[in-house]
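Trainee: Model the following, please.
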Amino acid sequence: MFHIKQRCALSAIALLGALCGFRASGASVKTVFVIAMENHNWTQPANQFTGGIQQIYQNPNAPFLNNLINGTAAAIINGKAVNISEQVAYATAYHNVLATPGGNNPHIHPSEPSYIWSEAGTNFGVLNDNDPYATTGGTNQNTHQHLSALLSKAGKTWRSYQEDTDLTRDASGNLLNLPLPKDAWTVPLRSFAGVFAGGFVNAYNLGNQYNYAAKHNPMVFFTDTNGGNDPTPGNPLSANYAPLQQLQADLDNNTVADYNWITPNQYNDMHTALAAGYKGLTGDAAKIRQGDDLLAQIVPMIMASKAYKENGVIILWWDESESDGLAGDNPDDFSHTIPEIIISPHAHRNVDGVPYASPVNYTHSSDLRTMQEIFRVGPFLGDAANAEDLSDLFQPGAIPQEPPATKNSSSAKQ
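Mentor: Numbers count the residues shown, from 1 in each chain. Predicted structure coming up:
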């Protein structure tokens, strides 16, 4: 009888907590997977589905992404058919960094400034795509005030999964699509591109081209998270940079980090079209379909993992808005929006059977602020101090609302 009463009392407490909006710490987001995509608007004034820069929203060459937000996305996950859309919410007013309604603002482009901003809430004046230790114009930053450094200081883990890195070379030095063992991994400080030897092809697009861009790897621009100008396996930070092929094993073994940044190569992130075209498409249509097909494979893979199911979130993130060809067109005004889609057991519940579409104005500073709140690391970095967090995309309690910690706790791992 005592146990029955005890259970009833606990149930009453749980019910009261729910009615009052209380969420235990276990209901907060715990593990983050960011998948970084490239150079497309969610919506734009012109050239929606034709031309050099097409929007993603309602584009027939992005069926997976559009199914996510129209309520029909489905996949087989752990042997069961799952409606992914039930765990989706997205932003309708996500803008380029420093965008204003009229576009009267600094022009923060090309890609690299946005990736640096995702770590630090500022671009540190960088307005180019140079490698961090380029002979001329290197863009490496010597500061501890960025997200992955704060995570390390607080005993949290992070990992950068980069496609086409840490692959085997044949006797002639040609790259093969075979990942190296972990003790041979490096910090990928330099960009490279080419064609696989030995008949190897990419697992996601079945093309034979590779293309890694350091500019799309945000942690690699900071001395304390890149280990210095050391491209050898002896670099002490090498274990934090994994080839994309390692992601499946880490998911299966539940050894992913707390914060995981995933960058496809420049063909699979919508940046560049394969030379031979893709599924009969060329130009921007091919770029979009290449990226959409990769996401259709990667997202269910992550969703099948324990890390995702136990308070995880997948954030589909695009780097910057683009001009769409109109005379006088300004990609930094509010008529251009960037895709931002979250997939999580804690996503805002569907509304009338379709994913919730948030009208809140967001930028990359919003993501950074949210990461700092999730992992309780502070103070807020750069423009994150001024930004709205992504709470509107989540159920109440998923994103902690109290200010992040500014010091290590005595129990934090070293």
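
Trainee: From here on, just use CA atoms for contacts and neighbour counts.
Mentor: OK.

Trainee: Tell me if residue 89 really is in a helix.
Mentor: No - going by DSSP: H, G, I helix; E, B strand; the rest coil, the assignment for residue 89 is strand, not a helix.

Trainee: How much space separates it from residue 359?
Mentor: The spacing between residue 89 and residue 359, counted by Cα to Cα, to the nearest Å, is 11 Å.

Trainee: Could you do residue 69 as well?
Mentor: Residue 69 is 14 Å from residue 359, by Cα to Cα.

Trainee: of the two, who's got more company?
Mentor: Just comparing residue 69 and residue 359: by other Cα atoms under 10 Å the higher neighbour count belongs to residue 69, 24 against 13.

Trainee: what's near enough to touch that one?
Mentor: 85, 88, 89, 90, 354, 355 (Cα atoms under 8 Å, 6 or more residues apart in numbering).

Trainee: who wins for neighbours among the residues you listed?
Mentor: residue 88 (31 neighbours).

Trainee: Now do the same contact list for the closest residue to that one other than its chain neighbours.
Mentor: In space, and not counting its chain neighbours, residue 88 is closest to residue 343: 4.6 Å by Cα to Cα, 6 or more residues apart in numbering. Applying Cα under 8 Å, 6+ apart to residue 343 gives the contacts 84, 87, 88, 89, 313, 314, 315.

Trainee: How far off centre is stretch 345-357?
Mentor: Relative to its parent chain, stretch 345-357 has a centroid offset of 20 Å by Cα atoms, centre = their mean, to the nearest Å.

Trainee: Please save the CA atoms from it in PDB.
Mentor: In PDB, the C-alpha atoms belonging to stretch 345-357 read as follows (Å, rounded to 0.1, in the frame of the first residue of the first chain):
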ATOM      1  CA  PRO A 345      12.000  15.100 -29.800                       C
ATOM      2  CA  HIS A 346      11.700  18.500 -28.100                       C
ATOM      3  CA  ALA A 347      10.700  20.500 -31.300                       C
ATOM      4  CA  HIS A 348       7.700  22.800 -31.000                       C
ATOM      5  CA  ARG A 349       4.700  20.500 -31.500                       C
ATOM      6  CA  ASN A 350       3.100  20.500 -34.900                       C
ATOM      7  CA  VAL A 351       0.200  23.000 -35.600                       C
ATOM      8  CA  ASP A 352      -2.800  21.700 -37.500                       C
ATOM      9  CA  GLY A 353      -0.800  18.600 -38.600                       C
ATOM     10  CA  VAL A 354       2.200  20.500 -40.000                       C
ATOM     11  CA  PRO A 355       5.500  21.700 -38.400                       C
ATOM     12  CA  TYR A 356       5.500  24.900 -36.600                       C
ATOM     13  CA  ALA A 357       6.800  27.900 -38.600                       C
END
